[in-house]
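Student: here you go, sequence then predicted model.
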Amino acid sequence: MERQLAELCSGLLDLGYRVTVVARRCDLAPHPQLRWIRIRSPRRPFSVKYSAFLVMGSLALLRCRAGLVHTTGALVLNRADVSTVHFCHHGFRAAGGPLRMSRSQLAYRLNALVGAWMSRAAERFCYRPARTRHLVAVSGGVARELKAFFPVKSAGVTVIPNGVDRATFAPDPGSRAEIRARLSLAGDDLVAIFVGGDWKRKGLRFAVEGVARTPDWHLLVIGRGDEATYRQIAAENGAADRIHFLGSMPLTAPYFSSADAFVLPTSYEAFPLVSLEAAAAGLPLLIGRVSGVEELLDDGENGWFVEREGGAIAERLQTLGGDPELRGKMAAAAREASGRYEWGQVVDSYASLYATLAR
């Protein structure tokens with residue numbers, strides 16, 4: 001969400017808009033048309049951070065409101081003109097999604113329960129036509145969820161997908177060699193990559209089990225989670241030396257370049273930005289059949305939809321590993337598919353929507 005919002009604000013400034021950002025943090029470069037109103041709220045736990053921002057962000061917006069108001073999800077209690085929905089909590093719950101927590105201890109579970117309830121309550125309040133004039137869904141799947149769970153008409157929901165900087169994530173042989181050397185991987189080693197947090201929902205266990213069954217493959221894991229538990233899973237499956245936990249990375253593009261396939265057996269998404277980044281990097285996509293990805297992934301052409309099961313993932317990895325020509329064709333097709341999602345197109349779509357709402 002932060003990446004999309006930063007790209008949108010930068011693009012709007014380039015188009016001559018005046019932009020006021022109400023946020024806890026703003027890393028945008030100074031600009032004469034940019035104003036940042038800082039919200040000082042706790043960073044964690046989520047339930048406290050969210051409730052604090054809901055109150056303080058709403059009060060700040062009362063003082064600075066001018067022009068169109070665009071929110072990123074159900075974040076303030078004020079009336080808004082546009083809200084971009086990156087994650088529908090009602091849809092996630094209906095899909096049977098697990099609690100979103102990084103640890104299994106009681107305190108984390110309670111925080112997740114309270115946070116999930118608050119998120120759904122805020123959605124019910126904010127996504128009413130009386131509170132938000134227009135909703136933007138980042139995928140067709142999210143649009144269907146919004147229409148199913150909230151009193152919105154078709155005319156009140158627009159689909160504008162996330163985007164990707166294809167230049168930043170273009171395949172880079174230099175980065176590929178550098179990262180592999182750093183990780184003591186040979187140039188011809190087969191490497192899959194998993195990027196994200198919330199490891200239970202995103203299916204890291206199944207990615208680990210799939211790689212464990214394909215001895216020629218390594219797996220890079222970028223993101224934060226219960227590393228000790230997943231190291232144990234890797235060890236139990238005899239793949240401890242082939243699963244590389246790298247933690248969070250401010251720059252992921254070099255790591256995408258170092259890989260040969262992208263694996264994300266997730267159970268629920270709105271439209272994972274990492275899927276676009278992996279496609280732009282020219283990686284065959286092995287992803288769960290979820291919103292957004294259904295519009296990006298052409299099964300059998302630039303990757304495959306995969307089940308949350310280690311054997312199914314291993315089968316696809318074996319096919320890719322044994323057929324370099326197929327791997328190259330899928331890589332090229334993935335890179336081409338990412339061309340439909342340039343950030344400039346996203347900004348233009350929002351600018352067009354703003355013009356319509358301002359009439």
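Tutor: Perfect, thanks for sending it. Numbering: from 1, shown residues only.
Student: which residues are in contact with C88?
Tutor: Counting by Cβ atoms under 8 Å, 6 or more residues apart in numbering, C88 makes contact with 123, 142, 145-146, 149, 270. The C-beta positions use only the backbone N, C-alpha and C, and glycine is treated the same way.
Student: next, work out how far apart the closest residue to G156 other than its chain neighbours and N162 are.
Tutor: Computed as Cβ to Cβ, 6 or more residues apart in numbering, the closest residue to G156 that is not its neighbour in sequence is H134, at 5.7 Å. Distance, H134 to N162, using Cβ to Cβ, to the nearest Å: 18 Å.
Student: which non-adjacent residue is nearest A278?
Tutor: F262 (3.6 Å).
Student: which strand or helix spans that neighbour?
Tutor: Counting by DSSP states H and E, the element that carries F262 is strand 261-264.
Student: packing partners for that strand?
Tutor: Strand 261-264 sits against strand 190-195, helix 204-212, helix 273-280, strand 285-287, helix 310-322, with contacts defined as 3 or more Cβ pairs under 8 Å, 6 or more residues apart in numbering; DSSP states H and E.
Student: what's the angle between the longest one and helix 204-212?
Tutor: Angle between the axes of helix 310-322 and helix 204-212 is 50 degrees (criterion: axes from the mean of the first three to the mean of the last three Cα atoms, to 10 degrees).
Student: same question, the first one
Tutor: Taking the same axes, to 10 degrees, strand 190-195 and helix 204-212 form an angle of 180 degrees between their directions.
Student: quick one: secondary structure of Y108?
Tutor: Following DSSP: H, G, I helix; E, B strand; the rest coil, we place Y108 in the helix state.
Student: what's the separation between it and S41?
Tutor: Distance from Y108 to S41, by Cβ to Cβ: 20 Å.
Student: tell me the secondary structure at the nearest residue to A358 once chain neighbours are set aside.
Tutor: Excluding the flanking residues, the one nearest A358 by Cβ to Cβ, 6+ apart is L68, at 6.5 Å. Under three-state DSSP, L68 falls in the coil class.
Student: repeat for L28
Tutor: When classified by three-state DSSP, L28 comes out as coil.
Student: stretch 113-127: how far from the chain's middle?
Tutor: 20 Å (Cα atoms, centre = their mean, to the nearest Å).
Student: what do you get for stretch 275-291?
Tutor: Chain-centre distance of stretch 275-291: 11 Å, with Cα atoms, centre = their mean.
Student: domain assignment for this protein?
Tutor: 2-163+342-357, 173-341 (automatic domain parsing).
Student: need the contact partners of stretch 38-52.
Tutor: 22-26, 53, 56-57, 60, 111-112, 114-115, 118-119.
Student: how far does that stretch stretch from start to finish?
Tutor: 13 Å (Cα to Cα, to the nearest Å).
Student: buried set for that stretch?
Tutor: Neighbour-count burial for stretch 38-52, counted by 16 or more other Cβ atoms under 10 Å, picks out 39, 41, 45-47, 50-51.
Student: list the contacts of S58.
Tutor: Counting by Cβ under 8 Å, 6+ apart, S58 has contacts 76-78.
Student: neighbour-wise, which of these leads?
Tutor: V76 (25 neighbours; other Cβ atoms under 10 Å).
Student: next one: phi and psi at that one?
Tutor: phi -140, psi 160 (degrees, to the nearest 10).
Student: so which of the buried residues of stretch 38-52 sit within helices?
Tutor: 46-47, 50-51 (DSSP state H).
Student: poorly predicted segments of the stretch 1-150 of the chain, please.
Tutor: 101-102 (pLDDT under 70).
Student: helices along that one, start to end?
Tutor: Secondary structure of the stretch 1-150 of the chain (DSSP state H, counting those that start in this stretch): helices at 2-14, 46-64, 89-94, 106-126, 140-149.
Student: I'd like to know which of the helices and strands packed on strand 261-264 is closest to E227.
Tutor: helix 204-212 (10.2 Å; Cβ to Cβ).
Student: now do that closest one: which elements does it pack against?
Tutor: Counting by 3+ Cβ pairs under 8 Å, 6+ apart, helix 204-212 packs on strand 190-195, strand 217-222, helix 227-236, strand 243-247, strand 261-264, helix 310-322.
Student: contact partners of it?
Tutor: Counting by Cβ under 8 Å, 6+ apart, 192, 194, 199, 217-219, 221, 225, 230, 233-234, 237-239, 242-243, 263-265, 308-314, 316-317 sit against helix 204-212.
Student: just the buried members of these?
Tutor: 192, 194, 199, 217-219, 221, 225, 230, 233-234, 237, 239, 242-243, 263-265, 308, 310, 312-314, 316-317.
Student: would you mark the buried spots in stretch 125-136?
Tutor: 126-127, 131-132, 134-136.
Student: of all these, which two lie farthest apart?
Tutor: Checking the buried residues of stretch 125-136 with Cβ to Cβ, the most distant pair is R131 and V136, at 14.9 Å.
Student: not counting its own residues, what contacts the strand holding F262?
Tutor: 190-196, 202-203, 207, 210-211, 219, 256, 272, 274-275, 278, 281, 283-288, 303, 306, 313, 317, 320, 327.
Student: relative to it, what are the paired strands and their orientations?
Tutor: Applying DSSP bridges to the sheet, strand 261-264 is found paired with strand 190-195 (parallel), strand 285-287 (parallel).
Student: what lies in contact with the shortest one?
Tutor: Counting by Cβ under 8 Å, 6+ apart, strand 285-287 makes contact with 192, 261-266, 272, 275, 278-279, 293, 296-297, 302-306, 313, 316-317, 330, 334, all of which sit outside it.
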